[in-house]
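Student: Task: produce atomic coordinates for the following.
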Amino acid sequence: MSEQSMDLREAVRRRYAAAAVKVAEGAVADCCGPGPVAADGTFGGALYTADERDALPGDAVSASLGCGNPAAVAELRSGERVLDLGSGGGIDVLLSARRVGPTGRAYGLDMTEEMLALAVANAEKAGATNVEFLKGTIEAVPLPAGTIDVVISNCVINLSTDKPAVFAEAFRVLRPGGRIGVLDVVADDALSPARRAERGDHVGCIAGALSFAEYRTGLEAAGFTGIQITPIRSVADGMHSATVRATKPVTP
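Tutor: Below you'll find the predicted structure:
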């Protein structure tokens, strides 16, 4: 990994560690704007239904920094094994655990000690017994190949400095026929990386975003098929939060 990539990863780690500490102190985390994300219609807990928010510990909702609800995008079913890449305070892991039920399992992967501690505490408050949180990076998932039915993620892949590795790891851990259901920030194809950087920084979920074409090409290179990338709302000029769906073929 280059020195620049290491610096960006450390900047991301510090930003989200600070967000976790803020929530633990009783505040609402800040993400990709100047105000609390829960009050922003673009990022945060407000993007979940009232019933979903009410069923979870308040700290899980306060720590939400995503741009949608991947558990709904992925259309999770009872008994499935789910992996959340960049699980933060655990909101999407806990919602996934409810959807897959006691015969399923939800894993959360995060590189930030403070977020992992917050997620474990939230799982205990929720009484969730079919969840497990893992420390690691989304470029090197600490799970065996072919063990996951669904990979989800919520506005995290754009933060990676090695997105081909992220796509390859998602493909590796999925069983044949498994799928991804991801929310992420995606740029219009006409926007160059430099023009994306003009609209926001890397840690703020903007500068590191792929274009629609780049996202599709990256997923195809990893082996995914049935790729659907659908914008759902604007987050900046020419930048969108989008749903990303794709499948790992049953046969190579």
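Student: Give the other helices and strands that the strand ranked longest in the chain contacts.
Tutor: Ordering each strand of the chain by length in residues (DSSP state E) puts strand 174-187 first. On a contact count with 3 or more CB pairs under 8 Å, 6 or more residues apart in numbering; DSSP states H and E, strand 174-187 meets helix 70-73, strand 148-154, strand 210-211, helix 212-222, strand 225-236, strand 239-247. Where you see a C-beta, it was placed from the backbone N, CA and C, and this is true even at glycine.
Student: Can you flag the weakest of those by average pLDDT?
Tutor: Note on the helices and strands packed on strand 174-187: lowest mean pLDDT is at helix 70-73, with a mean of 84.
Student: quick revisit: would you turn the helices and strands packed on strand 174-187 into TSV with distance to Glu10?
Tutor: What follows is those, written out as TSV (distance: least, CB to CB, whole Å):
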stretch	distance to Glu10
helix 70-73	26
strand 148-154	20
strand 210-211	22
helix 212-222	24
strand 225-236	24
strand 239-247	24
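Student: Between the ones you listed, which one is closest to Gly127.
Tutor: Gly127 lies closest to helix 70-73 among the helices and strands packed on strand 174-187, at 17.9 Å (CB to CB).
Student: just checking, what packs against the closest one?
Tutor: Counting contacts by 3+ CB pairs under 8 Å, 6+ apart, helix 70-73 packs against helix 91-100, strand 148-154, strand 174-187.
Student: thinking again about what came up before, can you give the strand pairings for the longest strand of the chain, parallel or anti for each?
Tutor: In the sheet, strand 174-187 lines up against strand 148-154 (parallel), strand 210-211 (parallel), strand 239-247 (antiparallel) (DSSP bridges).
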